[in-house]
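J.: mind folding the following:
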Amino acid sequence: MRKFLVAALLLTAPLAACSNSKAVALGKYQEQAVKWHACSSELLPADQLAQTFDKKTVTCGRLTVPAQYDTESQFADFSIAMLKIPATSQKKLGTLFINPGGPGESGVEEAQWMDFPAAIRAKYDIIGFDPRGVNHSHPVSGPPIKCSNRSDFETYWLSEGTPANAEEVAHNEDIMNKYFTQCSQANPAWWTLKTDNVARDLDIMRGVISGSGKLNFLGSSYGTTIAADYIRMFPENSGRITLDSPTTNENQSDKDAIIQAKAIEKKVIGYVDGYAKARGKTRAQVKALLLKIRQWGDDNELTGFSGMKTLSVKDQSRSSDEIMFTHGIFALTYYDDATSQQYFNQGIDALLKPDHWNGMFEYFGFHLDGYDPESLRGPKYAPAKIVRNNSYEIMTMVNSMDRDLRDLTSADHQRKLAEQIKAASPFWTALNSDATNYTWVPKRSGSDWSWLAIDDKNIPDPPANMESRVNESGHQFLVIGSRYESTTPYPFSVQTAEDLKSPLVTFEGSEHAPLAGYQHECLNKIFVAYMLHGKVPAAGTTCNP
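T.: Below you'll find the model as predicted:
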């Protein structure tokens with residue numbers, strides 16, 4: 001779904017509703033047995049497999065968890081999809097569960113893409129799982145939780161990405177209201193996907209698969225939210241747990257919003273400088289060029305491969321816009337600097353050709369949002385051919401139930417914060433704004449999913465705040481953070497390490513989730529020492545790219 005620039009996202013809310021309902025009896029879930037079997041072709045893609053991944057040795061299985069834990073539910077149980085890579089040694093230490101983040105990303109897929117260190121593969125069965133609602137983990141009966149492919153895709157193109165007046169704002173609001181109404185009605189169990197339920201699911205998985213053994217877990221990005229919740233809720237069952245690029249559990253303050261704005265500004269200016277150096281230009285020249293490209297998009301002068309309006313059947317080109325340009329740039333921030341700079345340079349070069357080709361940035365923007373970009377190609381718009389997972393709606397649903405994401409601050413406060421964010425990230429703000437500098441405050445600011453939950457008396461109100469991160473396990477965990485990344489800024493890692501009373505390993509680079517790619521020898525050694533021997537590094541340990 002298209003992501004619109006809003007004035008601010010401040011998180012304040014009333015207390016969550018209470019329930020006196022009887023908790024669900026968990027015996028039948030805890031006593032189930034997983035039937036491991038050969039994985040279906042649906043779970044094993046033909047490409048993007050890690051060199052060390054062997055289709056012949058892996059197995060897949062499912063585990064059932066209740067839709068709700070605090071009360072008997074009207075909704076069907078969830079069937080959790082898992083993929084297991086067996087340990088290569090007979091003397092294994094246990095099972096390592098992994099989750100790549102999101103919310104909405106697939107652990108089943110991550111297990112197939114990552115070249116885990118040989119020592120980890122030798123000593124641990126590695127299980128990638130899709131959290132409830134994600135990708136292959138769906139209700140045991142009925143359709144998966146997913147919004148319509150067509151309505152999701154069309155929000156990118158039927159709305160005005162950078163509104164220039166109140167009429168365009170009203171048009172956008174009408175489109176989004178229809179989208180959320182349709183999606184919420186089609187998926188009435190959407191609100192059960194919250195992270196504390198995922199943590200409870202994970203403990204059932206641990207008990208069924210590992211018996212009395214403790215949970216060993218690697219969580220990256222949002223996977224660290226799952227990890228921190230698990231440590232808080234099940235300290236006695238928490239084993240060797242690694243948090244790679246931690247998120248924050250704190251409500252976003254004005255200060256946090258400004259920190260994030262500065263981080264993305266620094267990242268984008270880095271791309272500008274990289275392009276300037278590679279093409280013999282100045283920073284000012286490249287900034288002016290990017291603003292010119294943004295205006296081309298606003299004036300319907302960009303071409304791509306995925307839009308709804310066909311420009312040339314022969315060339316399979318369609319109209320593109322400024323939002324897919326900036327969204328593609330944002331998507332690149334999830335990659336390491338060298339890789340993202342390479343694609344950025346190629347994308348800008350293509351935009352400077354006579355047809356103003358925006359295909360590179362469309363590709364990365366749609367890929368980030370869970371689409372298979374190749375399914376969008378063709379001579380004309382064909383909604384029936386769209387292939388995408390449900391990662392985007394899962395992300396927004398989960399985040400909006402983990403805490404109340406409505407913005408209840410005054411219009412004056414939101415305007416003031418917008419000015420502070422503009423001062424912190426002037427160029428990035430300009431790229432995401434109409435040339436008229438038109439600004440507005442939505443009638444209902446913040447997350448539509450949180451508003452839907454508050455409006456519906458049958459849905460528990462999301463809490464005003466997430467629970468504090470605490471560590472009562474009696475031992476330390478492994479926390480890793482990148483000093484210069486913009487996705488989950490470094491202060492999040494510092495705070496998480498402090499909250500969990502654990503040492504922080506600082507990666508002196510800008511890569512998001514730097515451990516999970518297993519490309520950095522220093523981080524690999526620390527991870528192996530921790531997983532094999534329980535050895536945590538000294539405070540202040542650093543690793544270079």
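
J.: contact partners for residue 207?
T.: Contacts for residue 207 (Cβ atoms under 8 Å, 6 or more residues apart in numbering) come out as residue 30. (Glycine included, C-beta is placed from N, CA and C.)

J.: what helix or strand is it on?
T.: Using DSSP states H and E, residue 207 sits within helix 195-210.

J.: Three-state assignment for residue 505, please.
T.: At residue 505 the chain is in strand, as set by DSSP: H, G, I helix; E, B strand; the rest coil.

J.: isn't it right next to residue 539, touching?
T.: No: between residue 505 and residue 539 there is no contact under Cβ atoms under 8 Å: 9.5 Å.

J.: who has more neighbours, these two?
T.: residue 505 (28 against 10; other Cβ atoms under 10 Å).

J.: for residue 446, grab phi and psi.
T.: With angles defined as degrees, to the nearest 10, residue 446 sits at phi 100, psi -160.

J.: beta partners for it?
T.: When bridges are taken as DSSP bridges, the partners of residue 446 come out as residue 406.

J.: that one reaches residue 409, doesn't it?
T.: No: judged on Cβ under 8 Å, residue 446 makes no contact with residue 409 at a distance of 9.4 Å.

J.: pull up the pairing partners for the next helix-or-strand element following the helix holding residue 207, direction included.
T.: The C-terminal neighbour of helix 195-210 among helices and strands, as given by DSSP H and E, is strand 215-220. Strand 215-220 pairs in its sheet with strand 94-99 (parallel), strand 238-244 (parallel), by DSSP bridges.

J.: got the angle between strand 215-220 and helix 195-210?
T.: If you take axes from the mean of the first three to the mean of the last three Cα atoms, to 10 degrees, strand 215-220 sits at 130 degrees to helix 195-210.

J.: tell me the mean pLDDT over whatever helix or strand comes next after strand 215-220?
T.: Using DSSP H and E, the helix or strand that follows strand 215-220 towards the C-terminus is helix 222-233. Throughout helix 222-233, pLDDT has a mean value of 97.

J.: more crowded one of residue 446 and residue 409?
T.: Higher neighbour count among residue 446 and residue 409: residue 446, with 22 against 19, using other Cβ under 10 Å.

J.: ok, now how distant is that one from residue 491?
T.: 23 Å (Cβ to Cβ, to the nearest Å).

J.: how long is stretch 474-483 end to end?
T.: End-to-end span of stretch 474-483 (Cα to Cα, to the nearest Å): 28 Å.

J.: how far away from the center of its chain is that stretch?
T.: Computed by Cα atoms, centre = their mean, to the nearest Å, the chain-centroid distance of stretch 474-483 equals 20 Å.

J.: buried ones in that stretch?
T.: Going by neighbour count (16 or more other Cβ atoms under 10 Å), the buried part of stretch 474-483 is 476-482.

J.: of those residues, closest to residue 178?
T.: residue 482 (39.2 Å; Cβ to Cβ).

J.: next, give phi and psi for the closest one.
T.: Main-chain torsions, residue 482, degrees, to the nearest 10: phi -90, psi 130.

J.: quick check: it touching residue 515?
T.: No: with contact defined as Cβ under 8 Å, residue 482 does not count as touching residue 515 (9.8 Å).

J.: if I look at those two, which residues touch both of them?
T.: residue 507.

J.: what about the longest helix in this protein?
T.: Assignment by DSSP state H gives helix 254-279 as the longest helix of the chain.

J.: burial measure for residue 128, as a count.
T.: Residue 128: 25 neighbours (other Cβ under 10 Å).

J.: show the contacting residues for it.
T.: 82-83, 85, 97-99, 106-112.

J.: quick one: which of the residues you listed has the most company?
T.: residue 107 (31 neighbours).

J.: phi, psi for the closest residue to that one other than its chain neighbours please.
T.: Excluding the flanking residues, the one nearest residue 107 by Cβ to Cβ, 6 or more residues apart in numbering is residue 128, at 3.7 Å. Torsion angles at residue 128 (phi, psi; degrees, to the nearest 10) stand at phi -90, psi 140.

J.: show me what residue 128 is bridged to.
T.: residue 83, residue 98.

J.: that one and residue 215, how far apart?
T.: Distance from residue 128 to residue 215, by Cβ to Cβ: 15 Å.

J.: with residue 522 instead?
T.: When distance is defined by Cβ to Cβ, residue 522 is 26 Å away from residue 215.

J.: looking at these two, which one has more neighbours?
T.: Set residue 522 next to residue 215 and count neighbours by other Cβ under 10 Å: residue 215 wins out with 25 against 16.

J.: list the contacts of the residue lying closest to that one once chain neighbours are set aside.
T.: Of all residues not flanking residue 215 in the chain, residue 206 sits nearest, at 4.5 Å (Cβ to Cβ, 6+ apart). The neighbourhood of residue 206, defined by Cβ under 8 Å, 6+ apart, consists of 97, 213-215, 237.

J.: dump those residues to CSV, plus distance to residue 361 and pLDDT.
T.: As requested, these are exported to CSV (distance: Cβ to Cβ, whole Å; pLDDT from 0 to 100):
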residue, distance to residue 361, pLDDT
97, 35, 98
213, 46, 95
214, 44, 97
215, 40, 98
237, 44, 98
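
J.: quick one: which of those residues is nearest residue 434?
T.: Set against residue 434, the nearest of the contacts of residue 206 by Cβ to Cβ is residue 97 (45.6 Å).

J.: flag every buried residue along the helix or strand immediately after the longest helix of the chain in the chain.
T.: Using DSSP H and E, the helix or strand that directly follows helix 254-279 along the chain is helix 283-298. Buried residues in helix 283-298, counting neighbours by 16+ other Cβ under 10 Å, are found at 286-287, 289-290, 293-294, 296-298.

J.: and the closest residue to residue 395 other than its chain neighbours, how far from residue 57?
T.: Leaving aside its chain neighbours, residue 395 sits nearest to residue 104 (4.4 Å; criterion: Cβ to Cβ, 6+ apart). In this view, residue 104 and residue 57 are 28 Å apart by Cβ to Cβ.

J.: more crowded one of these two?
T.: Comparing residue 104 with residue 57 by other Cβ under 10 Å, the one with more neighbours is residue 104, at 26 against 10.

J.: chain center to stretch 265-276: distance?
T.: Distance of stretch 265-276 from its chain centroid, counting by Cα atoms, centre = their mean, is 23 Å.

J.: keeping just the C-alphas, turn it into PDB.
T.: Output of stretch 265-276 as PDB, limited to C-alpha atoms (Å, rounded to 0.1, in the frame of the first residue of the first chain):
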ATOM      1  CA  GLU A 265      18.800  12.700   5.700                       C
ATOM      2  CA  LYS A 266      22.400  11.600   6.300                       C
ATOM      3  CA  LYS A 267      21.800   8.400   4.400                       C
ATOM      4  CA  VAL A 268      20.200  10.200   1.400                       C
ATOM      5  CA  ILE A 269      22.900  12.900   1.300                       C
ATOM      6  CA  GLY A 270      25.400  10.100   1.300                       C
ATOM      7  CA  TYR A 271      23.800   8.800  -1.900                       C
ATOM      8  CA  VAL A 272      23.900  12.300  -3.300                       C
ATOM      9  CA  ASP A 273      27.600  12.700  -2.600                       C
ATOM     10  CA  GLY A 274      28.300   9.200  -3.900                       C
ATOM     11  CA  TYR A 275      26.600  10.100  -7.200                       C
ATOM     12  CA  ALA A 276      28.400  13.500  -7.400                       C
END
